[in-house]
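A.B. asks: generate a structure from the sequence data that follows.
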Amino acid sequence: MRLATFDGRAAWHVGIVEGDEIVDLTAADPTLVTMVDLLARGPAAAASSSATAPRLPVSAVKLGPPVPRPPKFLAIGYNYAAHLEETHMARPTRQAWFNKQQTSIVGPGDPVWIPAIAPDEVDYEGELGVVIGRRCKDVPNDKSAVLDVIAGFTIVNDVSVRDWQELEPGMVVSKSFDTHGPIGPWIVTPDEIDDPLSLGLRTYVNGDLRQDGNTKDMLFTIYEQVSYLSSAFTLEVGDVLSTGTPSGIAWHRPGMYLKAGNTVRVEIEKIGALENPVIAEPA
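C.D. replies: Purely as a prediction, here's the structure:
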């Protein structure tokens, strides 16, 4: 099942993408206001509402970020060995997480801004996103236990301002500029993905292949990540976890940084593609 948020003209609606159509669940059940509402009720609620819901062509709607305002938007750093090599970082002995602010989130097709105050080192990072589907704490480091609390998977572009990042160990500001958290195009439920630890991930800038990796190369798997985070604090329905990026980023490669006029496309096997134009920050 592919769960999406889209522009219902007056407000966001949630729906199921089936082929070239989107099933408008909010139109059938107005109590399904947000994706968090839908995820909290589970796939059965989506299936039951879809029987009477109107259908629209996907081409006729504007898809938004699947979870426009997640309770938490967290990302792990330095989680692929080849990425460590290109950034000249030592292999971490434990997971290194940071917050991306909710206000960084945009959806597929939305522009990514080159900030007026930091225009020179804006970077891309294609990543597998995990969306939490059940409130949980102390989840065991076990595949079945973790999949039981995951609503599904999406694509994240962890846009980063590298010169600011080098001045800020916590990375919260450098990773949270407005528009620097594209997510989408939808959430794919776990039943559609045989093995989330064997997904090809590619990032293109203007059609040029920049990143070509696979989730099997993660240092800390998604099962370890969910277990680790939930050992410290409660994970909530709709939380988005960005699980690290493979090699091929622009950092330390000055000619590869993003510029206005670029288009970034992140593709993940069995999920789809997230594409965003890059523009100068509007006045």
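
A.B. asks: dump the residue contacts of residue 159.
C.D. replies: Residue 159 makes contact with 104, 112, 122-125, 175, 177, 179-182, 258 under the criterion C-beta atoms under 8 Å, 6 or more residues apart in numbering. (Each C-beta comes from the backbone N, C-alpha and C, glycine too.)

A.B. asks: give me the phi and psi angles of residue 269.
C.D. replies: phi -50, psi 140 (degrees, to the nearest 10).

A.B. asks: list the contacts for it?
C.D. replies: Residue 269 neighbours (C-beta under 8 Å, 6+ apart): 199-201.

A.B. asks: 6 Å instead?
C.D. replies: Applying C-beta atoms under 6 Å, 6 or more residues apart in numbering to residue 269 gives the contacts 199-200.

A.B. asks: pLDDT at it, what is it?
C.D. replies: As predicted, residue 269 sits at a pLDDT of 98.

A.B. asks: neighbours of the residue lying closest to residue 72 once chain neighbours are set aside, how many?
C.D. replies: Ranked by C-beta to C-beta, 6 or more residues apart in numbering and with sequence neighbours excluded, the top spatial neighbour of residue 72 is residue 239, at 4.4 Å. By other C-beta atoms under 10 Å, the residues close to residue 239 number 24.

A.B. asks: quick one: pLDDT of residue 239?
C.D. replies: 98.

A.B. asks: give the contact list for it.
C.D. replies: 70-72, 132.

A.B. asks: residue 12 reaches residue 5, doesn't it?
C.D. replies: Yes: counting by C-beta atoms under 6 Å, residue 12 touches residue 5, with 5.2 Å between them.

A.B. asks: what touches both of those two?
C.D. replies: residue 64.

A.B. asks: of those two, give the one with the bigger neighbour count.
C.D. replies: residue 5 (26 against 19).

A.B. asks: with that, I have no additional questions.
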